[in-house]
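A.B. asks: take this sequence and fold it.
(one chain, ligands or ions: 1)
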Amino acid sequence: MVKPLIAGNWKMNTTIQEGAELVVKLRELIKGVDTVEVVIAPPFTSIHHLNFLIADSPMTLAAQDVFWEDRGAYTGEVSPWMLKDVGCRYVIIGHSERRQFFHETDETVNKKVFASLKAGIKPIVCIGETLEERERGETLERVSSQLRGALNGVGEGLLRDIVIAYEPVWAIGTGRTATPEQAEEVHNSLRQLLYELYGMEPVRDVRIIYGGSVKPDNIDSLMAQPNIDGALVGGASLKAEDFARIVKFRHV
Ligand code: 13P
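C.D. replies: Prediction:
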């Protein structure tokens with residue numbers, strides 16, 4: 001069994017001070033947790049400071065985005081090597097907010113996946129359908145094509161370093177979670193697609209995590225599904241007690 005991964009995407013929230021307070025509380029609340037991998041994704045500006053505060057805790061760091069070049073004249077961008085340098089182990093790539101507001105495409109997601117893997121940073125690749133796509137019955141087609149696009153050219157040897165996050169756009173920040181059955185249906189079909197593309201063995205350790213209004217009161221039923229290997233948590237990751245409860249889904 002692969003270790004579940006619970007990640008908190010803080011989005012564009014928290015000053016350094018606020019982030020530090022959150023991490024200090026979390027350290028206490030999740031002390032000793034070792035059956036779950038815990039990742040926090042603060043804004044770029046807080047990562048360096050928080051890297052010191054998470055020492056000897058179950059938490060590791062992720063960035064919320066990355067550029068695909070190593071260095072050069074790309075004003076405003078941050079490279080995978082810089083993320084490595086500042087202590088990140090993971091990076092969220094292709095979040096629906098980036099696709100929606102910053103023109104992220106399957107092609108740019110794919111470039112970022114390659115660049116991150118090359119630098120030794122593990123991508124958390126986000127995919128998910130809009131409400132219109134779901135209502136038209138196009139969910140599986142949409143997420144399959146996003147997954148194929150993101151992994152285009154990625155060999156099986158690199159697969160185990162990739163996390164797939166299924167985040168239905170209509171469930172993000174809306175309080176409207178996919179039911180465990182709806183999420184499981186998509187996770188299962190993504191797993192089948194990975195089997196088709198790579199065969200059984202390399203896919204065994206790939207985690208497919210769910211995101212979209214994950215809260216303390218729905219995490220247990222989501223994690224009870226066979227193909228849900230963790231969660232990508234937005235709003236609830238900004239509240240120490242809520243995020244800790246989500247991290248400890250098994251222990252309750
Ligand atoms: P919420 O948990 O706030 O719905 O956000 C989900 C998300 O976008 C995580 O990346």
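A.B. asks: list the contacts of the residue of the chain found nearest the ligand.
C.D. replies: Nearest residue of the chain to the ligand, counting by Cβ to the nearest ligand atom: Gly234, 2.2 Å away. (C-beta placed from N, C-alpha, C; glycine too.) Applying Cβ atoms under 8 Å, 6 or more residues apart in numbering, we find Gly234 in contact with Asn9, Lys11, Ile172, Gly173, Gly211, Ser213, Val214.
A.B. asks: go with 6 Å
C.D. replies: Neighbouring residues of Gly234 by Cβ atoms under 6 Å, 6 or more residues apart in numbering: Asn9.
A.B. asks: do Leu194 as well
C.D. replies: Val203.
A.B. asks: same thing but at 8 Å, please
C.D. replies: Leu147, Leu159, Val203, Val206.
A.B. asks: so it sits in a helix?
C.D. replies: Yes - with DSSP: H, G, I helix; E, B strand; the rest coil as the criterion, Leu194 is part of a helix.
A.B. asks: gap between it and Gly211?
C.D. replies: 18 Å (Cβ to Cβ, to the nearest Å).
A.B. asks: hang on, the earlier thing: look up phi and psi at the residue of the chain closest to the ligand.
C.D. replies: Reported as degrees, to the nearest 10, the phi and psi values for Gly234 are phi -90, psi -100.
A.B. asks: and this structure, which residues reach the ligand?
C.D. replies: 9, 95, 167, 172-173, 211-214, 232-236 (Cβ under 6 Å from any ligand atom).
A.B. asks: mind running it again at 5 Å?
C.D. replies: Residues of the chain lying near the ligand by Cβ under 5 Å from any ligand atom: Asn9, Ile172, Gly173, Gly211, Ser213, Leu232, Gly234, Gly235.
A.B. asks: that's all I had, so thanks and see you.
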